[in-house]
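J.: got a sequence here, can you build the structure:
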Amino acid sequence: MFLKEASLGNIRPFSYKKIKFQKGINTIFGGNGSGKTTILEAIHLLSLGKSFKTAHANEFIKDNEKTYKITGTTNGKNKIEIKGTKDKKTITKNEKTVKKLTSHIRALPIIINTPDEIVYHGDHNNKRQKNLNKNICLIDLEYMDTLKKYNKTLKQRNKAIKQRQKFSVWDPLMVDFSLNLWEKRRKYIKAINKMLKKTIIKNEIKKTAKIEIKGHEKVSEKIAEKFYLTLEKDKKAGHTTFGPHRDTIEYFFNNEKIKKQASQGEKSVFFAVLKKAEADIVKREIKEEPIILLDDIFSKTDEKNTQRILNIFKKSEQTIITHTQKIPRSHKNIYIDD
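T.: As a prediction, this is how the structure comes out:
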């Protein structure tokens, strides 16, 4: 699948903007603040119904406007539209209202990499959590349902902790949901590591890449025991200190944690390999190749690593990259005015 066209109305700097895309590598280029990332944000909204930059619509709606509208058309002639205000939104596919995200998430599948993932990889574990959850949800709708239930129960448990009520009543549900999530996460980590290895070999990159997840348990009795043993700790902290939401996810490149890599260019190569592996797993599992969005991935790469990254995605159905200048090997360069 690839996106043929997108139009943005009242999104950040744009009152109205229409962009045509092609199959293959598309480069959106222009000066800082011209709205390049906003276009990726709009595609993310079409795909998942939310921004990757903010949880609040009033932050991406153009100043002095009350409503927004984004429309996208795919090569399969599907038309997806999201419109709304700061308080509510409506998503439609071919003019039919989407009632549940689970029925829409595969309508325009995407894999995205942002500068935050590269720059803050060592300090913001929640970003890695979100990326992991988003990718597993795309290939496993049951995981999405369980994650929603877990987060709802977690919120109720945390509320009880803060109100000094008996909060252990939520633990049986927390145990069941945690066990399910961890089983699926382990399965995914195993799959992504195999795909990372395959991607590394295919692109003749003389390094290794892998992901590890720490904090999980495999047996329900052990999980229940951990929740019991952290009761006092939870009271002092004012929130739940154990569970899948507390998992630590580590990225390794050449057997070193990615945050220890000296070269920003090397880090960009790692994340390019990761996104390609993620996309290939999605394609294998749902029989649909996702659109790959790479925001400013070339900002600190030399010519050698830039070409290496381009080679990784040269056979992907559609990759949309933001950059400050044209990329000669792109199938299409799209200039955005300052």
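
J.: for the residue nearest the centre of the chain, which non-adjacent residue is spatially closest?
T.: Centrality entry for the chain: nearest residue to the mean C-alpha point is residue 131, 4.1 Å, by CA atoms, centre = their mean. Among residues not flanking residue 131 along the chain, residue 117 sits closest, at 6.9 Å (CB to CB, 6 or more residues apart in numbering). All C-beta spots, glycine's among them, are computed from the backbone N, C-alpha and C.

J.: so where do the strands sit in the protein?
T.: In the chain, the strands defined using DSSP state E lie at 3-11, 14-20, 24-29, 68-74, 79-84, 89-93, 96-97, 110-113, 209-214, 248-253, 256-257, 291-295, 318-323, 332-335.

J.: would CSV of those with distance to residue 309 and mean neighbour count be doable?
T.: Formatted as CSV, those follow (distance: least, CB to CB, whole Å; neighbours: other CB atoms under 10 Å):
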stretch, distance to residue 309, mean neighbour count
strand 3-11, 21, 20
strand 14-20, 22, 15
strand 24-29, 10, 21
strand 68-74, 25, 20
strand 79-84, 28, 18
strand 89-93, 32, 16
strand 96-97, 38, 8
strand 110-113, 10, 24
strand 209-214, 14, 16
strand 248-253, 14, 19
strand 256-257, 20, 13
strand 291-295, 8, 25
strand 318-323, 9, 25
strand 332-335, 16, 16
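
J.: to residue 158, which of the ones you listed lies closest?
T.: Distance to residue 158, taken as CB to CB, is lowest for strand 248-253 among these, at 19.7 Å.

J.: which helices and strands does that closest one pack with?
T.: helix 125-139, strand 209-214, helix 264-286 (3 or more CB pairs under 8 Å, 6 or more residues apart in numbering; DSSP states H and E).

J.: can you get me a residue count around the residue nearest to residue 239 when sequence neighbours are not counted?
T.: Excluding the flanking residues, the one nearest residue 239 by CB to CB, 6+ apart is residue 158, at 4.9 Å. For residue 158, the neighbour count with other CB atoms under 10 Å is 17.

J.: residues contacting residue 158?
T.: Listed by CB atoms under 8 Å, 6 or more residues apart in numbering, the contact set of residue 158 reads 167, 238-240.

J.: now it: how far from residue 193?
T.: 32 Å (CB to CB, to the nearest Å).

J.: low-confidence ranges in the stretch 51-200 of the chain?
T.: 118-124 (pLDDT under 70).

J.: the stretch 51-200 of the chain: helices as residue ranges?
T.: 115-119, 125-139, 141-162, 171-202 (DSSP state H, counting those that start in this stretch).

J.: can you tell which of those helices is closest to residue 311?
T.: helix 171-202 (9.8 Å).

J.: which elements pack onto that closest one?
T.: Counting contacts by 3+ CB pairs under 8 Å, 6+ apart, helix 171-202 is packed against helix 125-139, helix 141-162, strand 209-214, helix 220-229, helix 264-286.

J.: list the buried ones in the longest one?
T.: Residues of helix 264-286 classed as buried: 265, 267-283, 286 (neighbour count, 16 or more other CB atoms under 10 Å).

J.: let's see it as PDB, backbone CA atoms only.
T.: Output of helix 264-286 as PDB, limited to C-alpha atoms (Å, rounded to 0.1, in the frame of the first residue of the first chain):
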ATOM      1  CA  GLN A 264      24.900  10.200  15.700                       C
ATOM      2  CA  GLY A 265      25.200   8.800  12.200                       C
ATOM      3  CA  GLU A 266      25.600   5.300  13.500                       C
ATOM      4  CA  LYS A 267      22.500   5.700  15.600                       C
ATOM      5  CA  SER A 268      20.500   6.800  12.600                       C
ATOM      6  CA  VAL A 269      21.600   3.700  10.700                       C
ATOM      7  CA  PHE A 270      20.500   1.500  13.700                       C
ATOM      8  CA  PHE A 271      17.000   3.200  13.700                       C
ATOM      9  CA  ALA A 272      16.800   2.800   9.900                       C
ATOM     10  CA  VAL A 273      17.500  -0.900  10.300                       C
ATOM     11  CA  LEU A 274      15.000  -1.100  13.100                       C
ATOM     12  CA  LYS A 275      12.200   0.600  11.100                       C
ATOM     13  CA  LYS A 276      12.800  -1.600   8.100                       C
ATOM     14  CA  ALA A 277      12.700  -4.700  10.300                       C
ATOM     15  CA  GLU A 278       9.500  -3.500  12.000                       C
ATOM     16  CA  ALA A 279       7.900  -2.800   8.600                       C
ATOM     17  CA  ASP A 280       8.900  -6.300   7.300                       C
ATOM     18  CA  ILE A 281       7.200  -8.000  10.300                       C
ATOM     19  CA  VAL A 282       4.000  -6.000   9.700                       C
ATOM     20  CA  LYS A 283       4.100  -7.000   6.000                       C
ATOM     21  CA  ARG A 284       4.600 -10.700   6.900                       C
ATOM     22  CA  GLU A 285       1.800 -10.700   9.600                       C
ATOM     23  CA  ILE A 286      -1.000  -8.600   8.000                       C
END
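
J.: tell me what angle that helix forms with strand 318-323.
T.: 160 degrees (axes from the mean of the first three to the mean of the last three CA atoms, to 10 degrees).
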